[in-house]
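J.: Below is the structure, and that's it, no one-letter string:
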């Protein structure tokens, strides 16, 4: 039988090295949409990799992006 797990809490993404808060999400093991013979974990009917990418995109604008805003050089005083 296909079982569904509802969870609340935090999950960790090794790719982003970040924890994401989850509230009332549904975890399920389903057939992979890419590989016919493989199974994959889905969160709210979305493959887990895509779900993490979406959460990262939501989180990223709130983070300070120092790499995108280079500081201006003040030069040297002699």
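T.: Now that the structure is in, tell me what you want to look at. These numbers come from a predicted model, not from an experiment.

J.: Assign the spatially most central residue of the chain to helix, strand or coil.
T.: Nearest to the mean C-alpha position of the chain, by CA atoms, centre = their mean, lies residue 52 at 2.0 Å. When classified by DSSP: H, G, I helix; E, B strand; the rest coil, residue 52 comes out as helix.

J.: Check residue 75 too.
T.: Applying three-state DSSP: residue 75 is coil.

J.: so how many other residues sit close to it?
T.: 6 (other CB atoms under 10 Å). In short, each C-beta sits where N, CA and C put it, glycine included.

J.: With residue 11 instead?
T.: 17.

J.: Is it correct that the residue nearest to the centre of the chain is in contact with residue 22?
T.: No - assessed by CB atoms under 8 Å, residue 52 is found out of contact with residue 22, at 11.1 Å.

J.: mind listing what the closest residue to residue 6 other than its chain neighbours touches?
T.: Once flanking residues are discounted, residue 6 sits nearest to residue 26: 5.7 Å by CB to CB, 6 or more residues apart in numbering. By CB atoms under 8 Å, 6 or more residues apart in numbering, the residues touching residue 26 are 4, 5, 6, 43, 44, 45.

J.: give me the beta-bridge partners of the first one?
T.: If I follow you right, that is residue 4. Residue 4 has the following beta-bridge partners by DSSP bridges: residue 28.

J.: Give me the below-cutoff pLDDT ranges for this structure.
T.: Within the chain, the stretches with pLDDT under 70 are 1-2, 62-72, 77-78.

J.: so where do the helices sit in it?
T.: Listed in chain order, the helices of the chain (DSSP state H) span 48-59.

J.: How much space separates residue 18 from residue 74?
T.: In this view, residue 18 and residue 74 are 33 Å apart by CB to CB, to the nearest Å.

J.: And residue 27, by the same measure?
T.: On the measure of CB to CB, residue 27 and residue 74 end up 51 Å apart.

J.: repeat for residue 7
T.: Taken as CB to CB, the span from residue 7 to residue 74 is 50 Å.

J.: and these two? which has more neighbours close in?
T.: residue 7 (13 against 6).
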